[in-house]
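A.B. asks: would you be able to build a 3D model of this:
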Amino acid sequence: MPIFAIVNNKAENTSGRHATLYLLPVPLSDVAPASVMPEHNINVARSVKHFIVENVRSARRFLKRCDRSIEISELSFTVLDEHTDPADVPDMLSPLAEGMDMAVISEAGCPAVADPGALAVEAALRRGFDVQPLIGPSSILLSLMASGFNGQKFAFEGYLPHDSGTRQRRLKEMTGRITREDQTQIFIETPYRNNRLIAELAKTLPGSMRLCVCSDLTGPDQKIACRSLAEWARASYNFDKIPAIFLLYK
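C.D. replies: Numbers count the residues shown, from 1 in each chain. As a prediction, the model looks like this:
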């Protein structure tokens, strides 16, 4: 077992090297990683040998798309997903404790944002390891940029509740924040329920409120549609089974 000391709040092994936990973004759509990430990210993907991932299969595919010369058999993958016991996360950082860099990879987009990878970041910081977030696509920020809604005040709500009563209370809270606080509300839905969600919003919320739907962001079929809910009620659309993100504003 390597011997460590905390030097300037950083975990340092006996070789004097600071190991780093990289937060490596993944494309949101089926595009080449180099089209949405800088070359530095690709170099990190090439150099790191130990990964904490949400899904091993998709992580391997992503790394191969970064560089086909990457030898997947030489890499280690530890799964951190919604079913992971938080008590198990610190042990996932053992390569860092041995002075080796690691990277966190989400299923899509930026790790640790609406993503279980945040647990690995918290554990790394508590133990004094370097954490390095890397530039990459975020559906939350990209959709906010594309909506024309208030980018100064906004909140990401994640998935809306499934229970009808709880869901309606949440929507009422969100519309209240829109009107009182001038705050854009951002949320997501299971893709096969997208059309039903739009119809529900158009039926239950004020028709003057605006809804922006962004699907396949950065991908070949990207679509950004912003209308009042009264217009959505009359519109023809089909977002079923397509990853999308939703924004509400006055």
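A.B. asks: could you use CA atoms for every contact and neighbour count after this?
C.D. replies: OK.
A.B. asks: and the next element down the chain from the host helix or strand of Thr166?
C.D. replies: According to DSSP states H and E, Thr166 maps onto helix 164-181. Going down the chain from helix 164-181, the next helix or strand is strand 184-188, by DSSP H and E.
A.B. asks: what about dumping the CA coordinates of that following strand to PDB?
C.D. replies: C-alpha atoms of strand 184-188 as PDB (Å, rounded to 0.1, in the frame of the first residue of the first chain):
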ATOM      1  CA  THR A 184     -36.400  29.600 -16.400                       C
ATOM      2  CA  GLN A 185     -37.400  26.000 -15.400                       C
ATOM      3  CA  ILE A 186     -35.600  23.200 -17.100                       C
ATOM      4  CA  PHE A 187     -36.500  19.500 -16.900                       C
ATOM      5  CA  ILE A 188     -36.500  16.200 -18.700                       C
END
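A.B. asks: please enumerate the strands of this structure.
C.D. replies: 4-7, 10-13, 20-24, 50-53, 76-79, 102-105, 130-133, 154-159, 184-188, 210-215, 223-228, 244-249 (DSSP state E).
A.B. asks: now for Val131, how many residues are close by?
C.D. replies: 19 (other Cα atoms under 10 Å).
A.B. asks: tell me the pLDDT of it.
C.D. replies: Per-residue confidence (pLDDT) for Val131: 97.
A.B. asks: does it touch Ala120 like I think?
C.D. replies: No - using Cα atoms under 8 Å, Val131 makes no contact with Ala120, being 10.0 Å away.
A.B. asks: in contact with Arg60, which residues?
C.D. replies: Ile72 (Cα atoms under 8 Å, 6 or more residues apart in numbering).
A.B. asks: give me the number of residues near Leu205?
C.D. replies: Other residues close to Leu205 by other Cα under 10 Å number 16.
A.B. asks: which residue comes closest to it once chain neighbours are left out?
C.D. replies: Closest residue to Leu205 apart from its sequence neighbours, by Cα to Cα, 6 or more residues apart in numbering: Leu229 at 7.6 Å.
A.B. asks: returning to that earlier point: could the strands of the chain be laid out in a markdown table, adding distance to Ala124?
C.D. replies: Listed next are the strands of the chain as a markdown table, based on distance: least, Cα to Cα, whole Å:
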| stretch | distance to Ala124 |
| --- | --- |
| strand 4-7 | 13 |
| strand 10-13 | 9 |
| strand 20-24 | 7 |
| strand 50-53 | 12 |
| strand 76-79 | 15 |
| strand 102-105 | 10 |
| strand 130-133 | 7 |
| strand 154-159 | 25 |
| strand 184-188 | 28 |
| strand 210-215 | 33 |
| strand 223-228 | 37 |
| strand 244-249 | 30 |
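A.B. asks: most packed of the ones you listed?
C.D. replies: strand 102-105 (a mean of 28; mean count of other Cα atoms under 10 Å).
A.B. asks: okay, now the nearest residue to Ser58 once chain neighbours are set aside: neighbour count?
C.D. replies: If the residues on either side of it in the chain are set aside, Ser58 comes closest to Glu107, at 6.9 Å by Cα to Cα, 6+ apart. Glu107 is flanked by 20 other residues according to other Cα under 10 Å.
A.B. asks: not counting the helix holding Thr166 itself, show me its contacts.
C.D. replies: Leu160, Pro161, Gln183, Thr184, Gln185, Leu248, Tyr249, Lys250.
A.B. asks: if I look at the third one, how far off is Arg227?
C.D. replies: Same thing as Gln183. Gln183 sits 17 Å away from Arg227, going by Cα to Cα, to the nearest Å.
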